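> Would you be able to build a 3D model of this:
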Amino acid sequence: MELKSIEVTVSGRVQMVMFRDFVQRKATKLGLMGTVENKPDGTVHVVAEGDDTNLKKLIAYLHKGSVLSRVDDVAVTYKEPLGAFERFTITY
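Okay, here's the model as predicted:
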């Protein structure tokens with residue numbers, strides 16, 4: 001399996017709506033490693049590493065969002081994987 005990495009900025013109503021928990025649960029279920037955190041500008045920042053198929057599934061989940069969220073935009077950038085993550089965590 002070739003390791004791939006994405007960096008994603010999700011905008012919309014994505015804070016205070018269980019969005020980070022949603023992302024962590026989906027990423028963990030897909031076997032991805034990385035982090036998710038709220039940013040001061042109201043966006044959510046996601047870094048995920050794993051195989052391309054599961055990264056694409058995560059991107060689809062990010063477009064859909066959690067039950068209470070409203071996703072306006074999902075900006076995805078592919079990066080070189082660092083291999084520095086042991087699991088998928090929420091950064092507070």
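> which helix of the protein spans the most residues?
When the chain is scanned for its longest helix (criterion: DSSP state H), the result is helix 52-64.
> Give me the mean pLDDT for that one.
The pLDDT scores in helix 52-64 average 98.
> tell me what that helix is packed against?
strand 4-13, helix 19-29, strand 44-50, strand 70-79 (3 or more Cβ pairs under 8 Å, 6 or more residues apart in numbering; DSSP states H and E). C-beta: built from backbone N, CA, C; applies to glycine.
> Contacts for the first one next, please.
The contact list for strand 4-13, computed with Cβ atoms under 8 Å, 6 or more residues apart in numbering, reads 19, 34, 39, 42-52, 55, 58-59, 62, 65, 68-82.
> Using PDB, write out the CA atom coordinates for stretch 15-29.
Written as PDB, here are the backbone C-alpha positions of stretch 15-29 (Å, rounded to 0.1, in the frame of the first residue of the first chain):
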ATOM      1  CA  GLN A  15     -17.500  24.200  14.800                       C
ATOM      2  CA  MET A  16     -19.600  23.500  17.900                       C
ATOM      3  CA  VAL A  17     -21.600  20.800  15.900                       C
ATOM      4  CA  MET A  18     -19.600  17.600  16.800                       C
ATOM      5  CA  PHE A  19     -17.700  17.900  13.500                       C
ATOM      6  CA  ARG A  20     -14.300  17.000  14.800                       C
ATOM      7  CA  ASP A  21     -15.700  13.900  16.600                       C
ATOM      8  CA  PHE A  22     -17.500  13.000  13.300                       C
ATOM      9  CA  VAL A  23     -14.200  13.300  11.400                       C
ATOM     10  CA  GLN A  24     -12.200  11.300  14.000                       C
ATOM     11  CA  ARG A  25     -14.800   8.400  14.000                       C
ATOM     12  CA  LYS A  26     -14.900   8.200  10.100                       C
ATOM     13  CA  ALA A  27     -11.100   8.400   9.700                       C
ATOM     14  CA  THR A  28     -10.500   5.800  12.400                       C
ATOM     15  CA  LYS A  29     -13.100   3.500  10.800                       C
END
